[in-house]
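Peer 1: A predicted structure for the sequence below; I have some questions about it.
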Amino acid sequence: MWLVFLAFLIPYDPDEAVYEIVAVDVLEGHWPYDHLFVNRGPLLFLAYLPAGLTGSIELQRLVAALAIVASVPPFFLLARKWLSGRQVALAVVSYCVLVANPFMIAGANNEAFLLAPLIAAMVVPSAVLAGVLIGAAIMLKMTVLPLIPAILFLRRKDLRASVIAALAACVALTVPFVPVWNDFWTANVTFAFSYADYSAPERLANTFAIHWGVLLGALPIWLAVVVGGFRERRWALWLLLISGMVAAKSTGFNATHYYALITPAAALFAGEGLDRLLRRPRLMAVVLAPATLVWLSVVVAGLSILVIGGHRPYSDIVAELKGRPGELYVLGDHPEIYAYADRQPQRRYFFAVPLVFRKDWGSSMRAELLACPPEFLVLPSITRFRVEWAGDLAAVYRTRLEFKKATLLTDPKHSCVARDLTNDPRYLKSISNDFL
């Protein structure tokens, strides 16, 4: 019920919006990767089938909540395998608290669908089935790759059968995309290297960065993880924890939902830690009681802000767009605006990430947008991935409307012009002067 409540309260995540948009596009008869760009595995489109059919992110979140709930029974089997006594129950409770953290996995991000197959792969008796589950997880999101050696190490038997089955599953899920193989490979492999192309200092900073929402949203459990870590001596569990951390940090970003990949190992450590704390009431009173108070205060305060301040941002822009036909384009990393406005994007690169990390794609999209500007252009005020040529495109519009979190540009000066004019400095200077 908690996850159902959050499904209708938490604002849309940009990734959720991208997945929903592409799923709708696929069901309209278009090839993914070819028509609209997305850098996620092919199994994503099956997972997002409910959103594709209905266009509802809330419904997709309910499906994601069921997927998270489905991961609890295999985690119980995992805890029973590695822990004993009441540690098992404490680990299961810890796992539930971690995945219910409203500042971490809440919503329908890919990680919500990854937990069940990953944990099940650790406990199912069949090596072949374990391999199939591993392959399915890889085809959902390739950032799980650092976790695979740890999962195989935990199993320690019939490893070759698991590896072969995983490869077979990956191949089987890839074959349907042969007609768009080049786009498929570019999105899932080539672009991944561009997307993760960070300097050594940036990577080092991200490695040690901690998202405070993830920490404070389940603070007592994380403290129990630390306590459990002092007692744990089994390398298999340490490998699972460390590989989960590597997977969570592998993209070079510090997104909250990435931390879901740590939760299975963290919950096992927390089960041991809570058991130790319960055996020492004084230590529990000093460590656990204040942490629980902080945790509850943060959760209540955070959710209260959403309820009081409104959990649907960009409502002012959506109201302005209502009843006004025409193409909407969002030049920034907030594709959730499309979802709030119930508009499907009409350009292949409809969010900023591919435009920023692939300069050639950015240049071609700049030329396309300048040649045929959309009727409505939204420039978010706060964007992590800023497009350098946003000002060039803004100069094409006559009307500029300022809103709380974004600027809406309307009434373009032309509909479509010869594409070669968009690279003519004299043309760009003339429309800039007209705008100013």
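Peer 2: Right, received. Where do you want to start? Numbers count the residues shown, from 1 in each chain.

Peer 1: going forward, measure contacts between C-alpha atoms and count neighbours the same way
Peer 2: Noted.

Peer 1: give me the element residue 408 is part of.
Peer 2: Mapping residue 408 onto the secondary structure by DSSP states H and E places it in strand 406-412.

Peer 1: So which elements touch that strand?
Peer 2: Contacts of strand 406-412 with other secondary structure elements, assessed using 3 or more Cα pairs under 8 Å, 6 or more residues apart in numbering; DSSP states H and E, are made with strand 376-380, strand 397-402.

Peer 1: What values do phi and psi take at the closest residue to residue 245 other than its chain neighbours?
Peer 2: If you skip the residues right next to it in sequence, residue 245 has residue 262 as its closest partner in space, 5.9 Å away by Cα to Cα, 6 or more residues apart in numbering. For residue 262, the backbone dihedrals are phi -90, psi -20 (criterion: degrees, to the nearest 10).

Peer 1: Give the residue spans of the stretch 151-300 of the chain that score low on pLDDT.
Peer 2: For the stretch 151-300 of the chain, applying pLDDT under 70 flags the ranges 195-200, 202-204.

Peer 1: repeat that with 90
Peer 2: For the stretch 151-300 of the chain, applying pLDDT under 90 flags the ranges 153-159, 188-217, 230-234, 248-257, 278-300.

Peer 1: Now do stretch 298-306: distance to the chain's middle.
Peer 2: 22 Å (Cα atoms, centre = their mean, to the nearest Å).

Peer 1: Give me the contact list for that stretch.
Peer 2: Stretch 298-306 is touched from outside by 9, 10, 102, 216, 217, with contacts defined as Cα atoms under 8 Å, 6 or more residues apart in numbering.

Peer 1: which one of the residues you listed sits closest to residue 126?
Peer 2: Out of those, the one with the shortest distance to residue 126 is residue 102. That distance is 34.6 Å, counting by Cα to Cα.

Peer 1: Same question for the longest helix belonging to the chain: list its buried residues.
Peer 2: Longest helix of the chain, by residue count under DSSP state H: helix 281-309. Within helix 281-309, the residues that qualify as buried are 284, 288, 291, 292, 294, 295, 296, 298, 299, 303, counting by 16 or more other Cα atoms under 10 Å.

Peer 1: Now render the residues you listed as JSON lines, adding distance to residue 239.
Peer 2: As requested, the buried residues of helix 281-309 are exported to JSON lines (distance: Cα to Cα, whole Å):
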{"residue": "284", "distance to residue 239": "28"}
{"residue": "288", "distance to residue 239": "26"}
{"residue": "291", "distance to residue 239": "27"}
{"residue": "292", "distance to residue 239": "28"}
{"residue": "294", "distance to residue 239": "30"}
{"residue": "295", "distance to residue 239": "28"}
{"residue": "296", "distance to residue 239": "31"}
{"residue": "298", "distance to residue 239": "31"}
{"residue": "299", "distance to residue 239": "31"}
{"residue": "303", "distance to residue 239": "35"}
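
Peer 1: Return the member of those nearest to residue 334.
Peer 2: Closest approach to residue 334 among these (Cα to Cα): residue 303, at 21.5 Å.

Peer 1: Alright, calling it a day.
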